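J.: mind folding the following:
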Amino acid sequence: MSDRELLATYVEAWWTSVGDFVDLLEEVPEDEWGTPTDLPGWDVKACASHTAHLESILAGRPEETADVGEPPHVAGLMGLYTEIGVVNRRDRSPADIVEEIRTVTAERHAWLLEHMPEDAAAQPETTFGGVPWNWGTLLRNRPLDVWMHEQDVRRAVGRPGHLDTLGAQHTADYLSEGFGYVVGKRVAPPAGTTAVLDVEGSPTQAVEVDDDGRAQRLSAPPEEPTVGLAMDRGTFIVLAGGRRTVSPDAVTVTGDAALAQQVLANLGTTP
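T.: Sure thing, here's the model as predicted:
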């Protein structure tokens, strides 16, 4: 697959995720936009506002500024940056925010279809917050971000679903690829440790920790790994997204139970 073809798949996953998110937001009554989500300090409106902010910047609107103060739920410079969009849209109506998302993403989608990048390693003219991402990283990130916030809203307002969409597949596969980082860097078990992650609907991830502490990907899972974790997509998403804990019976564990708990506790790799 060429870079152009690969990037086009990211754009398709992002565009369908945007449509699904907007459709959901239009279903949520205005009096539910203040419902808290799993993200500390963020309600439904904050998730929508954040999405509108980033998509507006990527569509060519000027960078925004705001006095965000020192909210207790914010950590790091990127956290402060993402709070700008939330603060600037506090007085705007839900309908206005939804329309902003619709408008700016339609503009960006049309532009991308006409100017699809040929080189995933090339630098886009515009990113948000000055992040030094190339086209591959930027376009791969967007469906993940939009779909994850759709799921944040769905859990908050009790409208589960859309775990089988392009955005869902893209996000689950993307996050599961971080399993080696979780095992090798965050948990750091002894050399020779093998670990397997089975997420329903995604490729199995199998790694072995080498003498340098790196979790190297295996071509096939070992018959008896040191630890094995199996779960459905919904369970994996809330864990890998750092959203919430799950009931013990939501994950099937084989092998070292203590190591399994360490891996589960460190599985969250995205805000």
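
J.: what helices and strands are in contact with the helix or strand of the chain with the lowest mean pLDDT?
T.: Least confident element among the helices and strands of the chain, by mean pLDDT, DSSP states H and E: helix 76-88 (a mean of 93). With contacts defined as 3 or more C-beta pairs under 8 Å, 6 or more residues apart in numbering; DSSP states H and E, the packing partners of helix 76-88 are helix 44-58. Heads up, the C-betas are built off the backbone N, CA and C, glycines and all.

J.: and the angle for the helix it packs on with helix 76-88?
T.: 110 degrees (axes from the mean of the first three to the mean of the last three C-alpha atoms, to 10 degrees).

J.: tell me which residues of helix 44-58 are tucked away?
T.: Neighbour-count burial for helix 44-58 flags 44-58 (criterion: 16 or more other C-beta atoms under 10 Å).

J.: output the least confident helix or strand of the chain as PDB - backbone C-alpha positions only.
T.: The C-alpha trace of helix 76-88 is given here as PDB (Å, rounded to 0.1, in the frame of the first residue of the first chain):
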ATOM      1  CA  GLY A  76       1.000  19.500  31.100                       C
ATOM      2  CA  LEU A  77       1.200  22.000  28.300                       C
ATOM      3  CA  MET A  78      -0.900  20.000  25.900                       C
ATOM      4  CA  GLY A  79      -3.600  19.700  28.600                       C
ATOM      5  CA  LEU A  80      -3.600  23.500  28.900                       C
ATOM      6  CA  TYR A  81      -3.800  23.800  25.200                       C
ATOM      7  CA  THR A  82      -6.800  21.500  24.800                       C
ATOM      8  CA  GLU A  83      -8.500  23.400  27.500                       C
ATOM      9  CA  ILE A  84      -8.500  26.600  25.400                       C
ATOM     10  CA  GLY A  85     -11.200  25.200  23.100                       C
ATOM     11  CA  VAL A  86     -13.400  24.300  26.100                       C
ATOM     12  CA  VAL A  87     -13.100  27.700  27.700                       C
ATOM     13  CA  ASN A  88     -13.700  29.600  24.500                       C
END
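
J.: beyond it, next helix or strand please.
T.: Note on helix 76-88: by DSSP states H and E, the next helix or strand toward the C-terminus is helix 94-114.

J.: which residues sit against that next one?
T.: For helix 94-114, contacts defined as C-beta atoms under 8 Å, 6 or more residues apart in numbering pick out 11, 15, 18, 21-22, 25-26, 28, 30, 33, 45, 48-49, 51-52, 55-56, 58-61, 89.

J.: which helix or strand contains Ala260?
T.: Ala260 is part of helix 257-265 when elements are defined by DSSP H and E.

J.: buried residues in the least confident helix or strand of the chain?
T.: Neighbour counts using 16+ other C-beta under 10 Å place 80-88 of helix 76-88 among the buried residues.

J.: do a quick rundown of the strands in this structure.
T.: Secondary structure of the chain (DSSP state E): strands at 194-199, 205-209, 215-217, 227-231, 252-255.

J.: any chance of the ones you listed in CSV, plus mean pLDDT, mean neighbour count and distance to Trp135?
T.: Compiled in CSV, the strands of the chain are given as follows (pLDDT from 0 to 100; neighbours: other C-beta atoms under 10 Å; distance: least, C-beta to C-beta, whole Å):
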stretch, mean pLDDT, mean neighbour count, distance to Trp135
strand 194-199, 98, 24, 27
strand 205-209, 98, 22, 25
strand 215-217, 97, 16, 24
strand 227-231, 98, 22, 32
strand 252-255, 98, 15, 38
